[in-house]
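1. No letters, just coordinates:
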């Protein structure tokens, strides 16, 4: 999947197009996932705003530090949550989601947003999934132009 992402994004510089294809690749590559996509950081509002995704409708605005996505962004640490209903301050955008993994995205000191993946199953995301997704995010970020 990670090699496919690199090939897919090579020579494409449009952030939205790259996010759209990356979220589609994730959704088609992982079983038992009901949502995969991105939230982009808007510094002037200090919030994450819905970006390209695959899945059911989603929350459009998430305050920095709120929910799993906001926590991952604020702390700049991966949040791998076995049961979102036990996560303090969880924002239920889709009641069918039971576990979640969120990876913060930053490059060259610029905070871009987060990569968010949800599952209807409890404890869906393993340490191995996290490692693979960290590599996925790193590859994705090599195709992001923070100068644009």
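-> Yep, that arrived. Keep in mind it's a predicted model, so treat the numbers as computed, not measured.
2. State the distance from residue 23 to residue 51.
-> To residue 51, residue 23 is 8 Å away according to CB to CB, to the nearest Å. (C-beta placed from N, C-alpha, C; glycine too.)
3. Residue 40 now?
-> The value you get for residue 40 to residue 51, if CB to CB is used, is 5 Å.
4. what do the two both touch?
-> residue 113 (CB atoms under 8 Å, 6 or more residues apart in numbering).
5. so residue 132 touches residue 5, yeah?
-> No: applying CB atoms under 8 Å, one finds residue 132 not in contact with residue 5, separated by 10.9 Å.
6. Which of the two has more residues huddled nearby?
-> residue 5 (22 against 16; other CB atoms under 10 Å).
7. just how off-centre is stretch 136-147 within its chain?
-> 13 Å (CA atoms, centre = their mean, to the nearest Å).
8. Determine how far the last residue of it lies from the first.
-> The first and final residues of stretch 136-147 sit 21 Å from each other (CA to CA, to the nearest Å).
9. With stretch 6-22 instead?
-> End-to-end for stretch 6-22, by CA to CA: 10 Å.
10. For residue 44, see how far away the residue nearest in space to the middle of the chain is.
-> What sits nearest the mean C-alpha location of the chain, by CA atoms, centre = their mean, is residue 115, with 1.2 Å. To residue 44, residue 115 is 22 Å away according to CB to CB.
11. give me the low-pLDDT residue ranges for the chain?
-> 94, 148 (pLDDT under 70).
12. go with 80
-> Confidence mapping of the chain against pLDDT under 80 gives the ranges 88-95, 146-148.
13. All the helices of it, residue numbers only.
-> 2-9, 15-29, 67-75, 127-142 (DSSP state H).
14. Who is the closest residue to residue 51 other than its chain neighbours paired with across the strands?
-> Nearest non-adjacent residue to residue 51, counting by CB to CB, 6 or more residues apart in numbering: residue 38, 3.8 Å away. Beta-bridge partners for residue 38, by DSSP bridges, are residue 115.
15. What about residue 38, how many residues nearby?
-> Neighbour tally, residue 38, other CB under 10 Å: 25.
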